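# Structure for the following, please:
(2 chains)
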Amino acid sequence: MAPVSWHSVDLTLDECIKCNICTSHCPVSAVTDLFPGPKYVGPQAQRFREGGQSRSPDHSVDYCSGCRVCNEVCPTGVRIAELNARARAQIVAEKGLPLRNRLLGRNELLGKLGSFAPALANFALHNAFSRFMAEKVMGIAREAPLPTWSTSGTFRDWLKRTRDRRLKSDKKVVYFHGCATMYYEPFIGKAAVVVLEHNGYEVIVPEQNCCGLPLLSNGEFNAARTYHHNNVSRLAGYARTGLPIVGTSTSCTLTLKEEAPELLDYHDEPATTLKLGTYDIFEWLRELYEAGELRTDFQPLPLKLPYHAPCQQRAHRIGKPALELMALIPELDLAESHARCCGIAGTYGYKVEKYQIAMDVGAELFEFVKAQGQDVRYTACDSETCRWQLEHGTALPSRHPIEILAAAYGLYDLERRDVVAGKR
Amino acid sequence: MKRMSTDVLVIGGGSTGVGVAWDAALRGLRVILVEKRDLTHGTTGRYHGLLHSGGRYAVKDPQSAIECIEENRILRRTHAHCIEDTGGFFVVTPEDEGDYPDRFKAACAKVGIPCEEIPLREAFRREPLLNPRISRVFEVPDGSADSFLATHVTAQAARQAGAQILIYHEVIDLLTEGGDGDRRVVGARVCDVVRGEEVRIDAAITVNAGGAWAGKIAAMAGVPVNVIPGKGVMVAVNHRLVNTVINRCKMPADGDILVPVHTVAIIGTTDERVSDPEMLTIEPWEVDLMLQEGDKLVPGLSRSRILRAWAGVRPLYQEGYTGESRDATRALALLDHRRRDGVAGFLTITGGKWTTFRLMAEKTVDKVCEQLGVERPCLTATTPVPGAEQGHYWLGHRLHEVEEARLQGDLICECELVTRAMIEQAVANNPTVTLDDLRRDVRLGMGPCQGGFCTFRAAGILHELRLHAQETQAQTDVNGGPPWNVAYLQSPRHSVQTKPAAFNPKVSPLDNPNLLLRDFLQERWRGLTPVLWGRQLKQERLDELIYLTIMNVDHLPEDGEASPLTEFWRFDAAGAKEDGQ
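Below is the predicted model of the structure:
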């Protein structure tokens, strides 16, 4: 862990003019006194931390959910969420990490393990007794919306199975699926592939690692460095030849673009090439649209759809391209959420001491969805853990905007969450 | 006129004067100390905070170096909690060529300063921002010191030993008896600035520890003492760029020390001979020079956020010296005016440095005892002051206590983590006449916003204390708890675990908190004007909006009235007017 330095993140503490705008917008400090607010734990506390100090002076920074609303509203550009992540990493380096946080940081490993026998794994995890034990023994909240493993095979299994049917083309795009798509929600990947192919692009899916974000947000910087290093060596080559790397998980793409290089101080040529070549899938599709190259043969989708742009998407600072493109779909009645955060913030809301905080933070969003009326069938959101939290908080199924787009192209069944038979 | 009498009258509430009071009281003498403003109002409160190892003087001034290393060892025991054990580096930059580094190493060995050349890799690991072109690094036992706290606790130790410490008591005249050749100082007439009363203090011996003002005091007895006032400009950087004291390994010059003190790093200093220790201005070239030299230690320092610039005056003394103040000796000077000028009962102690204040006091009180004809050994080197049991402080100590005691909601000065209870206790237990006194007590307003968010809150608290004095008294009578202790002045936890503060107008008058608000803002502003660019300018624009636009403070009805802090900024305004004409 690098000590206090001219590090791009650490240095931004000097930008703070103490205005409190971050504190007044922070969704976490608004619902709990356990979190004193982003200014306090961020640029303020940072002046009391010493690189390589033998003891960390503070602990309430652990209640930062990492949602990055503070960064979004800061008028002077303090990287508050990153300062907090680095402070937490220092605490972890000093005090170690509970087993729970180690596990939650390793969703790739969990995904892999569960996928050997997904039905069994789902049963083993999702029964009242295990959840009770998981809470008592490990501190994973029993009500928290944990995902289920895919019982129809992983995303890569599907790719293999449908290898012959996949489009070959001169126009190519690289797809970063992330762990959730791989092990829990392969249908998100399928929707992405059919949308890209529908627009004439061959989809390359290279071997890839977890982006490392769960490790970064739990303070395990060294392990995250290994993951990021692997991704850089596998993906930078594509970026160097000019191929875009697109992802459906806004937090994975944000990690490749910004979080990993910044937090880990990882700025060599390949990492920077990858960083510059990575896109949120809707960010890239919008570029296609603006160049007049996106197919707009959308079928009407008569739905009332509340859409929440997750914090990690807003942190890309690219506007809301998913909203813009979904707006092209006939008869789709979009309602844009201005809620600050759903509360889950990756693995934050899974932790027993933070579960209720996450639900209280999410209340703003759940209320918004409720206010849209009885005839809402789905909500939409780009980030997997946020969708699970939305479903948990509203009891309505939630969809990724790429699923909505695929459905509008007539390629995807929103209810069954699968590509339509005969459509590749 | 109120009349008091004592064995020893000490003039000056800086580190030296307070040290003399402590030493004399421990030896069983009756002591009164008078200070015209707050403790550490002068040079002690405006220095860069370096606890010298002596390395800086090893080559040039070995006597000073020996004094420094001996006192360094003593203060680490007696004043442990006023010191941060940062360690120090002497670094050889590409500009510091020649044989100085080897002479330095040899000189340190000769005077007994532990000095070890460490591998560059180790140095850069510990201080990654150091200039990568540094070629050699020597480690010495430098430290950084909280001179505000140290002086407060030394005063407390003196009080516990029976001394009376009277702050805001200004000497009007020295009382002398006898004619030419047989004159003697027999005390002083002083003015209680707050109550506007005169007090006559009769003393067997009067010790002039007036620092940069010592010449003025001596003149009152008709004794010429030519203190060489060496102005030093210092510039504070918003956060600690280094955690070790960094010195250039060369002959002492301007801008060659970088000291991490509490939350800031201070680059210092210049050394300019000035005529008046009160009217200090900071010239643009002085700030430029500090930043330029700072870049040689930590490249990029000049582009980081600069918080503030200020100046202090070294009370240097060298008999018959007329040269540059930079080359005047740093050794202490004890003037026995009986021998030197034929004026008995009067001593002046000056020169020296913060690091040697205890030694200066020891030598002074030795002389006092000799003149009083008593034989009592000095005890200060082996007597820890109150609070020393806490051990050295560390950068995170305040944050740690605020977190452990869950005081996050009680912060008044958020930058420096000053809680409401800390302010209330300081006001209740320490004479507080201006908000600047609170700054010296608890670091109020010393952080990035420079009083932007805490000045109005603190003024509000003062209003409240004044209006609800009786209620707080009643509350204190009900709620027990151990008494508050000045030795824990810096501790957020202590302030809530002890007996609640009861405001006493006899301790702190606080007649007009609005006036104090105005004066504190002006005082903060004074240190900002020399560095008003970039990020600090942004900050000041926000502060300006808060105070001038929202609160309209420049139209407070108190305009025209004065507090003891007013003189500190008003001469600037007067000077500006003259320039304008």
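# Please count neighbours and contacts with C-alpha atoms only from this point.
OK.
# Return the distance of stretch B:365-382 from the chain's centre.
Distance of stretch B:365-382 from the chain centroid (C-alpha atoms, centre = their mean, to the nearest Å) equals 26 Å.
# meant to ask about stretch B:105-113
Offset of stretch B:105-113 from its chain centre (C-alpha atoms, centre = their mean): 29 Å.
# same deal with stretch A:372-391?
Worked out by C-alpha atoms, centre = their mean, stretch A:372-391 lies 15 Å from the chain centre.
# Mean confidence (pLDDT) on it, please.
The pLDDT scores in stretch A:372-391 average 97.
# Can you name the residues that contact the residue in the stretch 351-500 of chain B that chain A sits nearest to?
The stretch 351-500 of chain B approaches chain A most closely through B:H400 (4.4 Å), counting by C-alpha to the nearest C-alpha. By C-alpha atoms under 8 Å, 6 or more residues apart in numbering or on different chains, the residues touching B:H400 are A:P57, A:D58.
# and it, what element?
Applying DSSP states H and E as the criterion places B:H400 in helix B:397-404.
# What segments of chain A are strands?
Assigned by DSSP state E, the strands in chain A fall at A:172-176, A:202-204, A:245-247, A:278-280, A:303-308, A:332-336, A:379-381, A:398-399, A:412-413, A:418-419.
# returning to that earlier point: show the average pLDDT along the helix holding B:H400.
Mean per-residue pLDDT for helix B:397-404: 96.
# likewise stretch B:15-23?
Mean pLDDT, stretch B:15-23: 98.
# can you list contacts of that stretch?
B:10-12, B:31-33, B:40, B:44, B:147, B:150-151, B:154-155, B:157-159, B:161, B:163, B:208-210, B:349, B:354, B:357-358, B:360-362, B:364-365, B:378-380.
# Separate out the buried members of these.
When these are checked for burial by 16 or more other C-alpha atoms under 10 Å in any protein chain shown, the buried set is B:10-12, B:31-33, B:40, B:44, B:147, B:150-151, B:154-155, B:157-159, B:161, B:163, B:208-210, B:349, B:354, B:357-358, B:360-362, B:364-365, B:378, B:380.
# Just those: which are in helices?
Members of those lying in helices (criterion: DSSP state H): B:147, B:150-151, B:154-155, B:157-159, B:357-358, B:360-362, B:364-365.
# Return the member of these nearest to B:I282.
Closest to B:I282 out of these is B:S147 (22.2 Å), distances taken as C-alpha to C-alpha.
# Relative to B:P557, how far out is the closest one?
Distance from B:S147 to B:P557, counting by C-alpha to C-alpha, to the nearest Å: 36 Å.
# Run through the stretch 201-350 of chain B and note the low-pLDDT ranges.
The stretch 201-350 of chain B contains no residues with pLDDT under 70.
# Spell out, range by range, the helices that occur in it.
Secondary structure of the stretch 201-350 of chain B (DSSP state H, counting those that start in this stretch): helices located at B:214-219, B:284-297, B:337-341.
# Flag every buried residue along the second one.
Looking back up the chat, that one is helix B:284-297. Residues of helix B:284-297 classed as buried by neighbour count (16+ other C-alpha under 10 Å): B:E286, B:V287, B:L289, B:M290, B:L291, B:Q292, B:E293, B:G294, B:D295, B:K296, B:L297.
# same thing with the last one?
Of the residues in helix B:337-341, those with enough neighbours to count as buried (16+ other C-alpha under 10 Å) are B:H337, B:R338.
# for the first one, same thing?
By neighbour count, and taking 16+ other C-alpha under 10 Å as the criterion, the buried residues in helix B:214-219 are B:A214, B:G215, B:K216, B:I217, B:A218.
# just stretch A:100-111 next, same as before
Applying 16+ other C-alpha under 10 Å to stretch A:100-111 flags A:R100, A:N101, A:R102, A:L103, A:L104, A:G105, A:R106, A:N107, A:E108, A:L110, A:G111 as buried.
# what's the nearest residue to the first one if we skip its chain neighbours?
Distances taken as C-alpha to C-alpha, 6 or more residues apart in numbering or on different chains put A:M138 closest to A:R100, at 5.4 Å, once the chain neighbours are dropped.
# Mind telling me which residue of the stretch 251-400 of chain A is nearest chain B?
Closest point on the stretch 251-400 of chain A to chain B, by C-alpha to the nearest C-alpha, is A:D265, at 13.8 Å.
# ok, now which ones touch the closest residue to chain A within the stretch 101-250 of chain B?
As assessed by C-alpha to the nearest C-alpha, chain A sits closest to B:H239 within the stretch 101-250 of chain B, at 5.7 Å. Residues in contact with B:H239 (C-alpha under 8 Å, 6+ apart) are A:D14, A:R47, B:T263, B:V264, B:A265.
# again, but for B:D173
B:A188, B:R189, B:V190, B:M220.
# what do you get for A:C210?
With contact set as C-alpha under 8 Å, 6+ apart, A:C210 has these partners: A:N107, A:E108, A:G178, A:C179, A:Y227.
# For these, give me JSON lines that also has distance to B:K538 and pLDDT.
Shown next, in JSON lines, are the contacts of A:C210 (distance: C-alpha to C-alpha, whole Å; pLDDT from 0 to 100):
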{"residue": "A:N107", "distance to B:K538": "43", "pLDDT": "86"}
{"residue": "A:E108", "distance to B:K538": "45", "pLDDT": "89"}
{"residue": "A:G178", "distance to B:K538": "41", "pLDDT": "96"}
{"residue": "A:C179", "distance to B:K538": "43", "pLDDT": "95"}
{"residue": "A:Y227", "distance to B:K538": "40", "pLDDT": "96"}
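# Just give me the closest of these to chain B.
For the contacts of A:C210, the nearest to chain B is A:Y227 (25.5 Å; C-alpha to the nearest C-alpha).
# Now that that closest one has come up, it's in contact with A:N209, right?
Yes: at 6.0 Å, A:Y227 and A:N209 qualify as touching, with contact defined as C-alpha atoms under 8 Å.
# Distance of A:Y63 relative to A:V352?
Here A:Y63 is placed at a distance of 12 Å from A:V352 (C-alpha to C-alpha).
# make that B:L316, sorry
For B:L316 relative to A:V352 (C-alpha to C-alpha), the value is 64 Å.
# number of nearby residues for residue 241?
In the absence of a named chain, this looks at chain A. 10 (other C-alpha atoms under 10 Å in any protein chain shown).
# hm, I was asking about chain B
As a burial measure, B:L241 scores 27 neighbours (other C-alpha under 10 Å).
# for the one 4 residues further on, same thing?
Other residues within reach of B:V245 by the criterion other C-alpha under 10 Å amount to 27.
# surely it meets B:F89?
Yes: between B:V245 and B:F89 there is a contact at 6.1 Å, judged by C-alpha under 8 Å.
# Name all residues that sit in contact with the two at the same time.
Counting by C-alpha under 8 Å, 6+ apart, the contacts common to B:V245 and B:F89 are B:D142.
# For the residue of the stretch 401-550 of chain B found nearest chain A, give its distance to A:P310.
The stretch 401-550 of chain B approaches chain A most closely through B:Q539 (5.2 Å), counting by C-alpha to the nearest C-alpha. As judged by C-alpha to C-alpha, B:Q539 and A:P310 stand 32 Å apart.
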